[in-house]
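# Need a 3D model of the following:
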Amino acid sequence: MVRTHIRIPFNRAYVAAGAFGYVQEALSQGCRAGNGEFADRCRTVLNERYGCKHVFFTPSCTAALEFGAILTDLQPGDEVILPSYTFSSTVNAIVLRGARPRFCDVRPETMNMDPEHAAALINSRTRMLLPIDYAGIPCDVVALTTLARENDLTLFIDAAQSIGSASAGNSCGTFGDIAAFSFHETKNVSCGEGGALIVNREDWVERAHIIQEKGTDRRRVLMGLQDKYSWVDVGSSFLLSEVSAAILLAQLECLDETTALRSQVTEAYRALYSPFEQRGCLSTPHPGPDVELNHHAFFVIFNTAENRARFLGDLRGYGVSPYIGYIPLHSSVMGRSYGYEPNDLPITQSVSERIVRLPFYPDLARDGLDYCMESMSKVLEKIYGR
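This next block holds a predicted model:
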C-alpha cells in the first residue's frame with residue numbers, strides 16, 4: 001500500500017561532506033572575493049576531468065550567458081537562433097545586447113534544437129547559434145558545428161544542465177566557441193548560485209579576462225606586467241566568491257558518487273515508463289548512441305494534454321512533486337512582443353503542453369525512490385490501464 005505520509009520534492013540539493021571544511025578554510029583566508037585559490041582548484045578539476053581549458057567562474061549561469069554575449073560582441077540588429085523551449089536567461093542574454101531572437105523548433109526525443117529548422121532560419125543578419133543541452137542531453141554537436149562553420153556563425157552552447165555529459169567521447173563545455181555551465185542548487189554540481197563561461201577560442205581569452213574584471217586590465221597588474229590598471233573595454237563583475245568556489249570544489253570532487261546515484265533514478269524511471277511507451281501512451285528521452293549522460297533529469301511526454309493534467313494532479317495527491325517544464329519563449333508575453341504566435345513553432349508548442357519533468361536528485365536513490373515509483377505506477381495504471 002502507498003504510504004501517503006511521504007513527500008517527494010521535485011529537487012533536493014545535495015550537500016557534499018567536504019564543503020564544510022572547505023568553507024571554513026575559505027573564510028580563514030585573506031581573499032574571499034573571486035579568482036582565488038579555490039577558483040583555481042575548481043579550474044584544475046574542470047580542466048583535468050573534462051578538458052575545459054579556459055574557465056571563468058561567474059555568480060550564475062545567467063551571468064555567464066550575459067558575459068558570453070558581451071564577449072561575442074553582439075550588436076543591435078543581430079539575430080540569434082535559439083530554441084524556444086529554454087529558460088528566459090538564454091534569451092535575455094541576447095536581447096540585453098539589442099540582438100533579436102529567432103526561435104527554433106525542437107526534436108521531441110531530446111527536446112534540443114532541430115538543426116534542420118535552424119538552417120532554414122539563417123539569413124544575412126544571423127550572427128549566432130545558441131542551442132541548449134536540455135536535461136543534460138548534448139545538443140546535436142556535429143550538425144550545429146557544421147552549420148555554424150558553413151555560415152560563419154558563432155556557436156554558443158547553453159550547457160547549464162550538462163556538466164558531466166559527453167558526445168562522441170568529448171565533454172560538454174568543450175564544444176562550440178564558448179559554453180555556459182550552471183551551478184544552481186537544482187543542478188548536478190551546485191554551490192547554491194554559480195556558473196561558468198568556458199572559452200574555447202584562444203583569441204578571445206584575453207578579452208574575457210578584461211570583461212570579467214569590470215572592463216579593466218587589472219589582471220595584468222596582478223601578473224606583474226604593469227603597475228596600474230585602467231578601464232579598457234566594457235565589462236561587469238562576473239566573479240564567483242571564494243566561499244562559493246569552496247562549496248563548488250567539494251561538489252566537483254564527489255561528482256562520480258552523485259552521478260552513480262542519479263543513474264539509478266534514470267534506470268528506475270526507464271524501466272517503469274518503457275512499457276507505456278511501447279503501447280504509444282507516452283514518450284521518454286532518446287539520446288543518440290554516442291551520448292554519455294550526466295543523468296540530470298528525466299522527462300515524459302504524454303500523448304495528450306489531458307492525460308498530463310491527470311498525471312500531475314493524481315501524483316501530487318500522493319505527495320510526489322513533478323514539474324511541468326518551460327512555457328515556450330515564443331508564446332510568452334515577451335515572445336509575442338517580437339511578433340510570434342503559438343502556432344509558429346507547432347512541435348514546441350504541442351510538446352510543451354504534454355511534457356512533465358519527474359522528481360530527480362541524488363538522495364532519491366537512497367530514500368523514497370520505491371515510494372515514488374509505486375505512486376507513479378498507480379497513477380499510470382489509472383490513466384492507461386495495466
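
# Can you name the next helix or strand after the helix or strand harbouring Phe57?
Assessed by DSSP states H and E, Phe57 sits inside strand 55-58. Counting by DSSP H and E, the next helix or strand C-terminal to strand 55-58 is helix 61-71.

# Off-centre distance for stretch 373-386?
Taking CA atoms, centre = their mean, to the nearest Å, one finds the center of stretch 373-386 at 30 Å from the center of the full chain.

# Convert it to PDB, retaining C-alpha atoms only.
Provided in PDB are the C-alpha atoms of stretch 373-386 (Å, rounded to 0.1, in the frame of the first residue of the first chain):
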ATOM      1  CA  MET A 373       7.800   4.500  -8.400                       C
ATOM      2  CA  GLU A 374       4.900   2.900  -6.600                       C
ATOM      3  CA  SER A 375       2.900   6.100  -6.700                       C
ATOM      4  CA  MET A 376       3.700   6.700 -10.400                       C
ATOM      5  CA  SER A 377       2.800   3.200 -11.300                       C
ATOM      6  CA  LYS A 378      -0.700   3.500  -9.700                       C
ATOM      7  CA  VAL A 379      -1.300   6.800 -11.500                       C
ATOM      8  CA  LEU A 380      -0.200   5.500 -14.900                       C
ATOM      9  CA  GLU A 381      -2.400   2.400 -14.500                       C
ATOM     10  CA  LYS A 382      -5.300   4.500 -13.500                       C
ATOM     11  CA  ILE A 383      -4.900   6.600 -16.700                       C
ATOM     12  CA  TYR A 384      -3.900   3.900 -19.200                       C
ATOM     13  CA  GLY A 385      -4.800   0.600 -17.500                       C
ATOM     14  CA  ARG A 386      -2.500  -2.300 -17.000                       C
END
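
# Pull out the buried residues from it.
In terms of neighbour count (16 or more other CB atoms under 10 Å), stretch 373-386 has its buried residues at 373-376, 379-380, 383-384. (Glycine included, C-beta is placed from N, CA and C.)

# Kindly report the same for stretch 230-242.
Taking 16+ other CB under 10 Å as the neighbour-count basis, stretch 230-242 is seen to contain the buried residues 235-236, 238-242.

# Just those residues: which are in helices?
Secondary structure defined by DSSP state H assigns Glu242 of the buried residues of stretch 230-242 to helices.

# Return the member of the buried residues of stretch 230-242 nearest to Gly313.
Closest approach between these and Gly313, by CB to CB: Leu240, at 39.9 Å.

# quick revisit: got CSV for the buried residues of stretch 230-242, with pLDDT and distance to Gly98 too?
Output for the buried residues of stretch 230-242, formatted as CSV (pLDDT from 0 to 100; distance: CB to CB, whole Å):
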residue, pLDDT, distance to Gly98
Gly235, 94, 17
Ser236, 94, 16
Phe238, 96, 19
Leu239, 96, 25
Leu240, 97, 27
Ser241, 95, 30
Glu242, 96, 34
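
# Make a markdown table from the buried residues of stretch 230-242 and add distance to Phe38 to it.
Shown next, in a markdown table, are the buried residues of stretch 230-242 (distance: CB to CB, whole Å):
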| residue | distance to Phe38 |
| --- | --- |
| Gly235 | 22 |
| Ser236 | 21 |
| Phe238 | 17 |
| Leu239 | 12 |
| Leu240 | 9 |
| Ser241 | 9 |
| Glu242 | 5 |
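
# ok, back up a step: buried residues, the strand holding Phe57. List them.
Taking 16+ other CB under 10 Å as the neighbour-count basis, strand 55-58 is seen to contain the buried residues 55-58.

# Mind picking the two most distant members of the residues you listed?
When the buried residues of strand 55-58 are compared pair by pair using CB to CB, the farthest-apart members prove to be Val55 and Thr58, with a separation of 10.0 Å.

# Tell me who's in contact with Gly30.
Taking CB atoms under 8 Å, 6 or more residues apart in numbering, we find Gly30 in contact with no residue.

# if we go to 10 Å?
Residues counted as contacts of Gly30 (CB atoms under 10 Å, 6 or more residues apart in numbering) are 36, 242.

# Could you do His184 as well?
Taking CB under 10 Å, 6+ apart as the definition of contact, the neighbours of His184 are 11, 13, 60-62, 160-161, 190-195.

# can you check Glu381 too?
Phe276.

# what's the pLDDT at Asn35?
What the model reports as pLDDT for Asn35 is 87.

# Dig out what Asn112 forms beta bridges with.
Applying DSSP bridges to Asn112 yields these beta-bridge partners: Arg107.

# Please give me every residue in contact with it.
In this structure, Asn112 makes contact with 83, 85-86, 104, 106, 131-135, 137-140, 144, 287, judged by CB under 10 Å, 6+ apart.

# now Val265
Remark: with contacts taken as CB under 10 Å, 6+ apart, Val265 is in contact with 295, 297-298, 358-365, 369, 372-373.

# same thing with Gly215?
The contact partners of Gly215, by CB under 10 Å, 6+ apart, come to 70, 230-236.

# Out of the contacts of Val265, the closest to Val95 would be?
Closest to Val95 out of the contacts of Val265 is Ala297 (26.2 Å), distances taken as CB to CB.

# No further queries at this time; thank you.
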